[in-house]
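Participant: Quick one, fold the following:
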Amino acid sequence: MSSVTKLPGARFFGIVSVGILALCAGYGALVMHSSTWTEARQLDAIFPFYKWRIRLFSAEEYSRAGQLLTGVAVLFGLTAGTLINMPGGRVECLRLGREVRETFLGLRRTFKALPVAQQRGAALLLLALTVFRFVISLPAVTPGYDDVPSYEMFASKSLLAVSAYYPVPNNHVLSNSISWVFYHVNPGFWFTMRLPVVLAATMATALLFLGLLWARASFRVAWLSTLLFSLAQLSLYHVAVGRGYWLLTLMAVAAFFGSLALTNGTRQPRAAWTGLLVGGVLGMYTVPTFALVLGSAFSWLGLGYLRQRNWPPLAGLVVPGAVVVAGSLLLYAPLLFVSGPAIFFGNGFVAPKPFAQFWRGLPAYLWETEGFLAGQAKVGGLLVLGVLAAILLLWRRMAQRPAAQQQPWLRLVPAGLWFMGFPYAMMAAQRVFAPGRAVLYKAFFFFLLLALVVDWLLQAAPKAWQRWLRPALGLAALLWFSYEINSLWRDNQRPRRRNEALYQAFQWLDQHPKAPTLMPESTHSLFVRMYLHSERPGQRWPIDHFPQPGISYTYVLAFPELHGWFQPGFTLPPVFHNEQVDIYQLNPAVADSASAAGALPSYWHLVE
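Facilitator: All right, here's what the predicted structure looks like:
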């Protein structure tokens, strides 16, 4: 590890920290003021199937919360303005702007330093990956499932709903907020949910490649590791589904290279620290498990200061860490006020497991998670162990390599191993098993190590071996990629059939006169309303989730063969039937008698 960059002065951290907090508080205030108290109290009506409900709060409490966030934003904003106008404040801002510009120019110079053929190869890789991602993100190829609730419950609703309604951790707030913006440009499902993820993945891919070149990795290592990570099954699935995991990966990449720059003595420390702080806050606002990334980044920096016995900067790491935590809490303030801290801090994904149960399940979790990230949950762990063993063996022979070939190993291998392993230490401290998708970003470090091993073999292998080594490695990569694509296609067959059946039911309803419709099943409600909002924007259908008093329903939807919780007792056959939906058409007399006889649920709940 090289000499760790010293912390910039207190003036810089004061301006950046207070500025970030002012922006976070200002956005929280904007969210609270975007809806009235009456509208806030209606959030439970978005998806009344959940037993969970938002907090009880009065109109006065709601108003005070918005005013408090506004006051905090003004206070921090005035403080930032004062610091900037103090002697040296403007100089720090100019230095920061210059360093940010130099950072982007440096990445550009790194790319331009490549031979023309390699520049074209990198551009072709990015273009091919982007086109491929556009194709697999089409709902006809990768059917919607996880992102359907995100669209229907958050992105298509108000800014307050997307920012403060948190019935389940499915709400990746920043990702859904970006989708909310796209929804108001074009409410189509693909445009709203899928396009932002494809764009985030493209940005992350470009940053991964350029960052590796900046870290002195060879073109082959950068190209191969970026390609393998992009084509892994988990990466492909989440680039095709409108969730926040590729946005989290983008922030994780920024945090990784920012901490790498700081531990290797960068000439742009202000830009690196600003990127780490902004990326940290936005990453936490995307998915709270971004704390695993931040823990890895700050502990890696701390380890560098510890090795140098540089105690003041080590203690000084508390300041940027506190800024990230405070900024994240300010962004989440509307959510914590409306939905309450219990659902956010105490859901099943973050609740600690019993001590014995956690340690008993840890070996299997490690094996399946690392295998899943490598491409196959059951046997992928063997590939991970093989790569780690090769890294250890080749590291011991490092001194035999030319200095130019040692440099990327010295920079990337220790940091990559740290970012791979440290999240498990944090999970052990919390006794929590994070879902594999929440650590998608970690797969990149494995593929980076794999690419370094492959590059070493291709450089060090005798010429006689080269004749069969290259074709063998190419064949192995082709078989691995074929498996990843086949697995993704196979896993999508059942969801595709389900979505096609649900869409057929929507089309049937769309082609018939609009009349009071009852959808007691949550799946039917989510998908039909999603198709309605994305394909018939502006239309309002008379849909209830539960029977309303005094309403005679013309259409009632149920699962066929009584396999849903709602089991209608109608004697008449459905007018529409497939494997997912039965639609019953009732005349007013039948509807009234059916409700009275118990064929419909005996309770109701007022919904919009």
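
Participant: how far out from the middle of the chain is the top helix by length along the chain?
Facilitator: In the chain, ranked by residue count with DSSP state H as the criterion, the top helix is helix 463-510. Relative to the centre of its chain, helix 463-510 is centred 22 Å away, using CA atoms, centre = their mean, to the nearest Å.

Participant: Mind checking what helix or strand follows that helix in sequence?
Facilitator: Counting by DSSP states H and E, the next helix or strand C-terminal to helix 463-510 is strand 517-518.

Participant: neighbouring contacts of that following strand?
Facilitator: Strand 517-518 has contacts (CB atoms under 8 Å, 6 or more residues apart in numbering) with 509, 541-547, 553-557, 600. In this view, the C-beta of every residue, glycine as well, is placed from N, C-alpha and C.

Participant: Filter the residues you listed down to the ones in helices?
Facilitator: Using DSSP H, the contacts of strand 517-518 in helices are Leu509.

Participant: Out of the contacts of strand 517-518, who's the most crowded?
Facilitator: Leu557 (28 neighbours; other CB atoms under 10 Å).

Participant: which residues does it contact?
Facilitator: 505, 517-521, 524, 528, 581-584.

Participant: for Phe419, same thing?
Facilitator: Taking CB under 8 Å, 6+ apart, one finds 256, 293, 296-297, 300, 442, 445 in contact with Phe419.

Participant: So which of these sit within strands?
Facilitator: Using DSSP state E, the subset of the contacts of Phe419 located in strands is empty.

Participant: thinking again about what came up before, among the contacts of strand 517-518, pick out the one closest to Ala140, please.
Facilitator: Leu509 (20.7 Å; CB to CB).

Participant: hang on, that closest one packs against Tyr555?
Facilitator: Yes. Judged on CB atoms under 8 Å, Leu509 makes contact with Tyr555 at a distance of 6.8 Å.

Participant: Next, show the common contact partners of the two.
Facilitator: 517, 583.

Participant: Phe506: what's its closest spatial neighbour, skipping adjacent residues?
Facilitator: Tyr531 (4.2 Å; CB to CB, 6 or more residues apart in numbering).

Participant: Can you get me a residue count around the one you found?
Facilitator: Neighbours around Tyr531, by other CB under 10 Å: 22.

Participant: Begin at 112 from now on, thanks
Facilitator: With the count now opening at 112, the last piece we talked about shows up as Tyr642.

Participant: for it, helix, strand, or coil?
Facilitator: Classification of Tyr642 using DSSP: H, G, I helix; E, B strand; the rest coil returns helix.

Participant: ok now do it, which residues does it touch?
Facilitator: Neighbouring residues of Tyr642 by CB under 8 Å, 6+ apart: 613-614, 617.

Participant: which one of the contacts of strand 628-629 is nearest Arg548?
Facilitator: His656 (29.1 Å).

Participant: The closest one touches Leu637, doesn't it?
Facilitator: No. Using CB under 8 Å, His656 is not in contact with Leu637, being 10.5 Å away.

Participant: What about the contacts of Tyr642, which one has the most neighbours?
Facilitator: Leu613 (25 neighbours).

Participant: residue contacts, that residue?
Facilitator: 634-635, 638-639, 642, 691-692.

Participant: okay, those in a markdown table with distance to Phe243, secondary structure and pLDDT next?
Facilitator: Shown next, in a markdown table, are those (distance: CB to CB, whole Å; DSSP: H, G, I helix; E, B strand; the rest coil; pLDDT from 0 to 100):
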| residue | distance to Phe243 | secondary structure | pLDDT |
| --- | --- | --- | --- |
| Thr634 | 30 | helix | 92 |
| His635 | 33 | helix | 94 |
| Phe638 | 27 | helix | 94 |
| Val639 | 31 | helix | 95 |
| Tyr642 | 26 | helix | 94 |
| Gln691 | 30 | coil | 94 |
| Val692 | 33 | coil | 95 |
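
Participant: from the residues you listed, which is closest to Leu216?
Facilitator: Among those, and counting by CB to CB, the member closest to Leu216 is Tyr642, at 47.1 Å.

Participant: Gly406 contacts Met537, doesn't it?
Facilitator: Yes. Applying CB under 8 Å, one finds Gly406 in contact with Met537, separated by 4.9 Å.

Participant: what's near enough to touch the nearest residue to Gly217 once chain neighbours are set aside?
Facilitator: With sequence-adjacent residues excluded and distances taken as CB to CB, 6+ apart, Gly217 is closest to Trp325, at 6.9 Å. By CB under 8 Å, 6+ apart, the contact set of Trp325 is 217-218, 221, 368.

Participant: try it again with 10 Å
Facilitator: Neighbouring residues of Trp325 by CB atoms under 10 Å, 6 or more residues apart in numbering: 214, 217-218, 220-222, 318, 333, 368, 371-372, 377, 522.

Participant: Out of those, which one has the weakest pLDDT?
Facilitator: Note: of the contacts of Trp325, the lowest pLDDT belongs to Thr377, at 83.

Participant: ok, it to Trp325 distance?
Facilitator: Distance of Thr377 to Trp325, given as CB to CB, to the nearest Å: 10 Å.

Participant: cool, Asn196 as well?
Facilitator: Noted for Asn196: a distance of 35 Å to Trp325, by CB to CB.

Participant: Strands of the protein, residue ranges please.
Facilitator: Using DSSP E, strands in the chain cover 628-629, 654-655, 666-669, 687-688, 693-696.

Participant: Quick check: can you name the pairing partners of the second one and their directions?
Facilitator: So that's strand 654-655. Next to strand 654-655 in the sheet, as set by DSSP bridges, lie strand 628-629 (parallel).

Participant: which stretches of the protein have low pLDDT?
Facilitator: Regions of the chain meeting the criterion pLDDT under 70 cover residues 112-118, 699-719.
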